[in-house]
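>>> build me a structure from this.
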Amino acid sequence: MIDEIGKQNRRIDIEGLKTLAIINLFLFHVNHKFFNNGLIGVDIFFVISGYLARMTLKDSLSIRSIKNYIIKRIKRFILPYYFIFWLIIHIRLHSAKESIGYLSFREFTLTKNNIRNECVSEFEHLWSLPIILQFQFLAPFLMSLRLMKMGRLLFVFAALFSFVLYVAQCGRISRNLSEYLWQFLIGSFAYELDGSNNGTEQAEQINTAARPVDRFLLNDTVLAEIIRINEINKLSKYPTIPELKMIEDLPIISKLKRFGFLQGSGNTTVVVFGNSLAMAALYYIVPAFGLHRIRHIKLLSTPGCTPIYNVKSLNNRYRNCPQFFKISMEIIQKMMPDIIFLNFMFIWPFHEPIKDISKDVLQYKLQKTINDMMKYTRRIVFSYDNPYAPNNFPNPEDITTRLAKRLPIDDLNIPFEVFLNNSQNAYRRIGALRCKKCEFVHVYRWLCDTKICHTYDSKTLITYYADKVHFGINGIKFMIPFYKKLVEELYAKEYI
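Next up is the predicted model:
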């Protein structure tokens, strides 16, 4: 429903340097004797290329990412290069008729004396392109090398050696990367020194730890910090509520009060209704509204109970589920909230096979529940549950043990096909609902791509989950921006 796509801001400082470089090159070609230092524009472009390569590869060193990086470079450099060649050849095929034997060009180059000898070749002006291409395709290896224990020292040595070769050429134009490598490396160094980009080295290493190849390059201090944060996340599983309570009565809400989330004086009344997932949902729904909009929130939550008419828990483990739902609906009827958030795990019997959706008993009960809720509220936000894997799959909370032993963690993510097969019957039942007041929030779209559902942040290696199903504190932080946008849309459309 709502997908947030990050947009890179245009770097004004880099655009300014590009402009300066172009002006220098333009003036050099206008009068190379008067503006004899105009070729410094090429040097500026080399430094910018090094800076941008370092920025692009700061957290993208997997085989897939490097492949995408190379493909983008081919599209950006190789394809335009050969297109221009084709265009020139196409044009010259016609213009050659007026210059038999190419004599006019040869006569021009032999009689004019204000052209440098190395510029006689009509392709000589492209001398810098092979150097840039050499660096672009070598950059992933160089950035991987930098992460080694002696990587920075090797970088400094390579830059000094390249500078010596550059000085030794005495102004001669070279097509050899080794004589210009120091300029690209200066750009890379400049990126690392730019605090606005990556802050400390520790933060940078955490950001580049997205893939298995990088995990083994992390130093012990950074890895220990990642493990510590994951342990906190695991211990920060928000407790479930064994009985109906006002949100103000919960001791844990004092944590939210210290952040000012429940001290508002707004006009919106909210109910968060569901099983154990509703407790975690409370912690991203409250900040999504903010203190200036909320008048009152009530949490209706109990573990293992699906908020649907007359649906028992699996094996009747929680015997009071029907009673929980009955009392909850009485509270909703009396309170008449502006909005109800439905957050619950699609547990049994949601995953039971469907023979005929029009005769499905559970779907009938679900529709009746929604119909009755619509009588007492202006809007219902029905959230699909968090992606989770079957019991025979690894547990996301095992990430701390895996990292401590430097073992692969990729299998902690959930294959999208497995998740979809596990959820298809539940999603089919929900998809058949008729609800004019409903907003359906597909949570899995924020965590899944076409191949996997992510259980941890691929950049920081911090897990979203406190256990196999429930979000921990980092998963809750991840959800807040999406729900903020949802709330803004609801107000903008005057649904609440």
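
>>> from here on, contacts and neighbour counts on C-alpha atoms
Will do.

>>> show me the shaky parts of the chain.
Scanning the chain for pLDDT under 70 picks out 1-11, 58-65, 92-125, 146-151, 170-175, 194-223, 225, 232-265, 313-319.

>>> can you pull out the strands in this structure?
Counting by DSSP state E, the chain has strands at residues 268-274, 294-301, 339-343, 379-383, 414-415, 438-441, 452-453.

>>> how about CSV for those strands, with mean neighbour count added?
Formatted as CSV, the strands of the chain follow (neighbours: other C-alpha atoms under 10 Å):
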stretch, mean neighbour count
strand 268-274, 23
strand 294-301, 22
strand 339-343, 24
strand 379-383, 20
strand 414-415, 20
strand 438-441, 18
strand 452-453, 20
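
>>> take these and lay them out in a markdown table including distance to residue 284.
Output for these, formatted as a markdown table (distance: least, C-alpha to C-alpha, whole Å):
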| stretch | distance to residue 284 |
| --- | --- |
| strand 268-274 | 11 |
| strand 294-301 | 13 |
| strand 339-343 | 11 |
| strand 379-383 | 13 |
| strand 414-415 | 23 |
| strand 438-441 | 14 |
| strand 452-453 | 20 |
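
>>> domains for the chain, by residue range?
12-199, 234-492 (automatic domain parsing).

>>> as a markdown table, those with distance to residue 227 would be great.
Shown next, in a markdown table, are the domains of the chain (distance: least, C-alpha to C-alpha, whole Å):
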| stretch | distance to residue 227 |
| --- | --- |
| domain 12-199 | 19 |
| domain 234-492 | 5 |
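
>>> to residue 224, which of those domains lies closest?
domain 234-492 (7.8 Å; C-alpha to C-alpha).

>>> and the closest one, how far from the chain's centre?
Relative to its parent chain, domain 234-492 has a centroid offset of 22 Å by C-alpha atoms, centre = their mean, to the nearest Å.

>>> how many neighbours does residue 338 have?
Taking other C-alpha atoms under 10 Å as the neighbour definition, residue 338 ends up with a count of 17.

>>> so how far is residue 80 from residue 86?
Separation of residue 86 from residue 80 (C-alpha to C-alpha, to the nearest Å) stands at 10 Å.

>>> excluding covalently adjacent residues, which one is nearest to residue 481?
Leaving aside its chain neighbours, residue 481 sits nearest to residue 288 (7.3 Å; criterion: C-alpha to C-alpha, 6 or more residues apart in numbering).

>>> list the residues that contact that neighbour.
Applying C-alpha atoms under 8 Å, 6 or more residues apart in numbering to residue 288 gives the contacts 480-481, 483-485, 487.

>>> nearest spatial neighbour of residue 353, skipping sequence neighbours?
residue 425 (6.3 Å).

>>> closest one of the contacts of residue 288 to residue 190?
residue 481 (32.0 Å).

>>> and that closest one, how far is that from residue 277?
18 Å.

>>> who has more neighbours out of those two?
residue 277 (25 against 15).

>>> isn't that one up against residue 343?
Yes: assessed by C-alpha atoms under 8 Å, residue 277 is found in contact with residue 343 at 5.9 Å.

>>> need the overlap of contacts for these two.
Joint contacts of residue 277 and residue 343 (C-alpha under 8 Å, 6+ apart) are residue 385.

>>> give the contact list for residue 415.
451-453.

>>> can you do 10 Å?
Neighbouring residues of residue 415 by C-alpha atoms under 10 Å, 6 or more residues apart in numbering: 388-389, 448-454.

>>> same question, residue 45
By C-alpha under 10 Å, 6+ apart, the neighbours of residue 45 are 14, 17-18, 20-22, 51, 128, 132, 183-184, 187.

>>> let's have those in CSV, adding neighbour count and distance to residue 441.
Compiled in CSV, these are given as follows (neighbours: other C-alpha atoms under 10 Å; distance: C-alpha to C-alpha, whole Å):
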residue, neighbour count, distance to residue 441
14, 14, 40
17, 16, 45
18, 17, 44
20, 16, 49
21, 19, 49
22, 19, 49
51, 22, 40
128, 19, 51
132, 21, 46
183, 23, 49
184, 28, 46
187, 23, 44
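
>>> ok, of those, which one's closest to residue 293?
residue 14 (41.6 Å).

>>> wait, isn't that closest one in contact with residue 48?
Yes: proximity of residue 14 to residue 48 meets the contact threshold set by C-alpha atoms under 10 Å, at 7.3 Å.

>>> report how many residues lie close to the residue nearest to residue 165 when sequence neighbours are not counted.
Distances taken as C-alpha to C-alpha, 6+ apart put residue 179 closest to residue 165, at 5.2 Å, once the chain neighbours are dropped. For residue 179, the neighbour count with other C-alpha under 10 Å is 21.

>>> give me the number of residues near residue 12?
Residues lying near residue 12 (other C-alpha under 10 Å) number 9.

>>> ok, residue 226 next?
Under the criterion other C-alpha under 10 Å, the count of neighbours that residue 226 has is 20.

>>> does it touch residue 401 like I think?
No: with contacts counted by C-alpha under 10 Å, residue 226 stays clear of residue 401, the gap being 11.5 Å.

>>> which neighbours do those two have in common?
Joint contacts of residue 226 and residue 401 (C-alpha under 10 Å, 6+ apart) do not exist.

>>> make TSV from the contacts of residue 45 and add distance to residue 29 to it.
As requested, the contacts of residue 45 are exported to TSV (distance: C-alpha to C-alpha, whole Å):
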residue	distance to residue 29
14	23
17	19
18	17
20	15
21	13
22	11
51	26
128	15
132	21
183	22
184	24
187	25
